[in-house]
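Undergrad: Next come a sequence and a model predicted from it.
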Amino acid sequence: MTQSTETKIRVLVAKPGLDGHDRGAKIIARALRDAGMEVIYTGLRQTPEMIVDAALQEDVDVIGLSILSGAHMAITPRILELMKAQGMTDVPIVLGGIIPDADIPALKEMGVSGVFGPGTNTDAIITHIREVVARARSN
């Protein structure tokens with residue numbers, strides 16, 4: 001399919017928790033838009049419930065979480081639990097921010113499709129999102 005005939009990828013970019021720094025999330029949101037994706041940015045200080053409700057209402061293909069606070073091991077399982085309760089098990093989650101390498105295997109085991117730290121090339125994130133959405137849409 002060409003970009004003009006395929007359905008645009010819808011990505012929810014969220015900043016869960018008390019972290020007030022969103023420059024990175026805004027840079028990613030802009031890069032995704034520039035790549036032809038539709039981006040819904042929730043803003044700062046979102047609860048897991050707010051994130052899942054927004055994702056459900058917006059019928060997104062992917063949820064992107066930007067977490068710099070170190071709360072990723074508490075917030076991510078809660079979001080995944082809420083998504084499962086809503087039947088959203090086909091919506092991939094990607095994480096960005098300050099995520100220790102030691103936590104990445106556990107996050108992927110939970111169901112996170114990709115983890116991207118500071119300095120990751122935006123093309124790598126765009127490619128990953130396109131691939132996971134293509135897989136999800138083909139199921």
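TA: Good, I have the coordinates.

Undergrad: Point out where this structure drops to low pLDDT.
TA: Where the chain drops to pLDDT under 70, the residues are 1-6.

Undergrad: what's the offset of the longest helix along it from the middle of its chain?
TA: Ranked by residue count and defined by DSSP state H, the top helix of the chain is helix 122-138. Helix 122-138 has its C-alpha centroid displaced from the chain centroid by 11 Å (C-alpha atoms, centre = their mean, to the nearest Å).

Undergrad: swap in stretch 7-21?
TA: The answer for stretch 7-21 is 6 Å, by C-alpha atoms, centre = their mean.

Undergrad: Ok, stretch 85-105 next?
TA: On C-alpha atoms, centre = their mean, the centre of stretch 85-105 falls 7 Å from the chain's centre.

Undergrad: And the contacts of that stretch?
TA: 24-25, 28, 52, 55-56, 60-68, 70, 72-73, 76, 79-80, 83, 107, 111-118, 120, 125, 128-129, 132-133, 136, 139 (C-beta atoms under 8 Å, 6 or more residues apart in numbering). The way it works is simple: take the backbone N, C-alpha and C, and place the C-beta from them, glycine included.

Undergrad: One more: stretch 132-139?
TA: Contacts for stretch 132-139 (C-beta under 8 Å, 6+ apart): 9, 61, 62, 90, 91, 92, 94, 113, 114.

Undergrad: what is the orientation angle of the strand or helix carrying the last one with helix 122-138?
TA: Just to be clear, that refers to residue 114. Assigned by DSSP states H and E, residue 114 belongs to strand 112-116. Between the axes of strand 112-116 and helix 122-138, defined by axes from the mean of the first three to the mean of the last three C-alpha atoms, to 10 degrees, the angle is 170 degrees.

Undergrad: re the thing from before, tell me the buried residues within the contacts of stretch 85-105.
TA: Listed as buried from the contacts of stretch 85-105 are 24-25, 28, 52, 55-56, 60-68, 72, 76, 79-80, 83, 107, 112-116, 125, 128-129, 132-133; burial here means 16 or more other C-beta atoms under 10 Å.

Undergrad: which strands and helices sit next to the strand holding residue 114?
TA: strand 93-97, helix 104-110, helix 122-138 (3 or more C-beta pairs under 8 Å, 6 or more residues apart in numbering; DSSP states H and E).
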